[in-house]
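Undergrad: next input, structure requested:
(3 chains)
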Amino acid sequence: MPELPEVETYVRELAPQLAGSRVAAAQVFWPRTIAAPDADTFAACVAGLRFTSFGRRGKFMLLGMSDDYTLIVHLRMTGKLLMLPGNATPGAHTHVLLVLDNGRSLHYMDPRKFGRIWLTRRPETVLAKLGPEPLSDDFTPVSLAHALARRRAAVKALLLDQAVVAGVGNIYADEALHRAGIHPAQPGGDLDATACQELHAAIVAVLTEGIARQGSSLGGSGLQNYLRPGGAPGGFQEEHQVFRRTGLPCPRCATPIARMVIAQRSTHFCPSCQPAR
DNA sequence: ATAAGGCCCTGACCGC
DNA sequence: TGCGGTCAGGGCCTTA
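TA: Next up is the predicted model:
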């Protein structure tokens, strides 16, 4: 699933390919993919715009366009953006197609259809509820402690809350909690200052390493739900300590990794390294 | 305000 | 081989 490192990889790899190109034509095949404006308005409005800047906020891709527009893309579970030849036929899972003036086309593909795209002059309205950006100075041990204070929900559930910290999803939440030695079901408000400091450092570390490895690609026994814009996989799955490693030995202590469900999400942890309190 | 559960979707997988 | 049932899961919405 695309989380912050996967989205960051997308932005970095798309930028040089899209910079300066103009949308020659747009087609929407699944209207619900377009969150705003309505699909017909979107297709008419995006045609003719030029890509001017490239950024990211949490798991949202921010593609700046001419005329002060921002194309915002959220891949959710299985969304992909692929750069293909301009005459490439849209596949069964291509829901939005942008034909560019540089001989190529940008295909938004998404088997689960959970992803959403906005075209707006007010991107801040889409991003309003996001918490601090975890790799910026806004995210500190103190800000994390403040966000967790007095919360009774499991710390894992709180890490998935984009208002607590933006960009962490199921993979990096499990990996960060393992690195910090914190049980995922522990109530967020029970973490003391030391635990918050360790969790903060662990979140920064796993996201930074995830970006360095160009994200996590999970396939084989599941959907291949993240591929880079050129179609290549990332490499961080090779570094996973706990995620989808139920029953396998913890790399640190060899105890079998356990699985539980928190906030309706599969949660993987080491019962020895992450003891319940 | 917070927490918990349902919903959207469909490919992959399992058991018969 | 074919078929029905189950699972996964981010963000938004509703409910308590």
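Undergrad: near DNA strand B, which residues of chain A?
TA: Taking Cβ under 7 Å from any atom of the strand, the part of chain A that reaches DNA strand B is made up of A:32, A:92-93, A:111-114, A:151-154, A:157-158, A:187-189, A:220-223, A:263-264. Glycine gets a C-beta too; all of them are placed from N, C-alpha and C.
Undergrad: hang on, residue A:167 packs against residue A:6?
TA: No. Residue A:167 is beyond contact range of residue A:6, at 9.8 Å (criterion: Cβ atoms under 8 Å).
Undergrad: what segments of the stretch 151-277 of chain A are helices?
TA: Using DSSP state H, counting those that start in this stretch, the helices of the stretch 151-277 of chain A run over residues A:155-160, A:170-180, A:193-212.
Undergrad: what's the next secondary structure element after the helix or strand harbouring residue A:125?
TA: Using DSSP states H and E, residue A:125 sits within helix A:123-126. For helix A:123-126, the following helix or strand on the C-terminal side (DSSP H and E) is helix A:141-148.
Undergrad: what residues does chain A have near DNA strand C?
TA: For chain A, the residues in contact with DNA strand C (Cβ under 7 Å from any atom of the strand) are A:1, A:58-59, A:74, A:76-77, A:112, A:114, A:129, A:160, A:162, A:169-170, A:261, A:264-266.
Undergrad: what subset of those residues is buried?
TA: Neighbour counting over the residues of chain A next to DNA strand C (16 or more other Cβ atoms under 10 Å) leaves A:1, A:58, A:59, A:74, A:76, A:77, A:160, A:162, A:169, A:170 as the buried ones.
Undergrad: name the residue of chain A that lies nearest to DNA strand C.
TA: Per Cβ to the nearest atom of the strand, residue A:266 is where chain A lies closest to DNA strand C, at 3.1 Å.
Undergrad: how many residues are close by residue A:196?
TA: 24 (other Cβ atoms under 10 Å).
Undergrad: now it, nearest residue through space, not along the chain?
TA: Among residues not flanking residue A:196 along the chain, residue A:145 sits closest, at 4.0 Å (Cβ to Cβ, 6 or more residues apart in numbering).
Undergrad: same thing with residue A:57?
TA: Of all residues not flanking residue A:57 in the chain, residue A:127 sits nearest, at 5.2 Å (Cβ to Cβ, 6+ apart).
Undergrad: gap between the one you found and residue A:82?
TA: 25 Å (Cβ to Cβ, to the nearest Å).
Undergrad: then residue A:251?
TA: Residue A:251 is 33 Å from residue A:82, by Cβ to Cβ.
Undergrad: check residue A:261 too.
TA: Counting by Cβ to Cβ, the gap from residue A:261 to residue A:82 is 33 Å.
Undergrad: returning to that earlier point: ok, of the residues of chain A next to DNA strand B, which come out buried?
TA: For the residues of chain A next to DNA strand B, buried by 16+ other Cβ under 10 Å: A:93, A:151, A:153, A:154, A:157, A:158, A:187, A:188, A:263.
Undergrad: before we move on, the earlier item: now do the helix holding residue A:125, average pLDDT.
TA: Confidence for helix A:123-126, expressed as mean pLDDT, is 94.
Undergrad: and what of stretch A:158-177?
TA: 95.
Undergrad: give the buried residues for it.
TA: For stretch A:158-177, by 16+ other Cβ under 10 Å, it's A:158-162, A:164-177.
Undergrad: just to revisit the earlier point, for the buried ones among the residues of chain A next to DNA strand B, which one is nearest residue A:47?
TA: residue A:93 (22.3 Å; Cβ to Cβ).
Undergrad: sorry, back to before: what is the neighbour count of the residue nearest to residue A:196?
TA: Neighbour number of residue A:145 under other Cβ under 10 Å is 19.
Undergrad: mind checking how far it is from residue A:133?
TA: Residue A:145 is 17 Å from residue A:133, where distance means Cβ to Cβ.
Undergrad: now do residue A:35
TA: Where residue A:133 is concerned, residue A:35 sits at a distance of 21 Å (Cβ to Cβ).
Undergrad: again with residue A:13
TA: From residue A:13 across to residue A:133, the span is 20 Å (Cβ to Cβ).
Undergrad: with residue A:64 instead?
TA: 17 Å.
Undergrad: then residue A:216?
TA: 20 Å.
Undergrad: these two - which one has more neighbours?
TA: residue A:216 (27 against 16).
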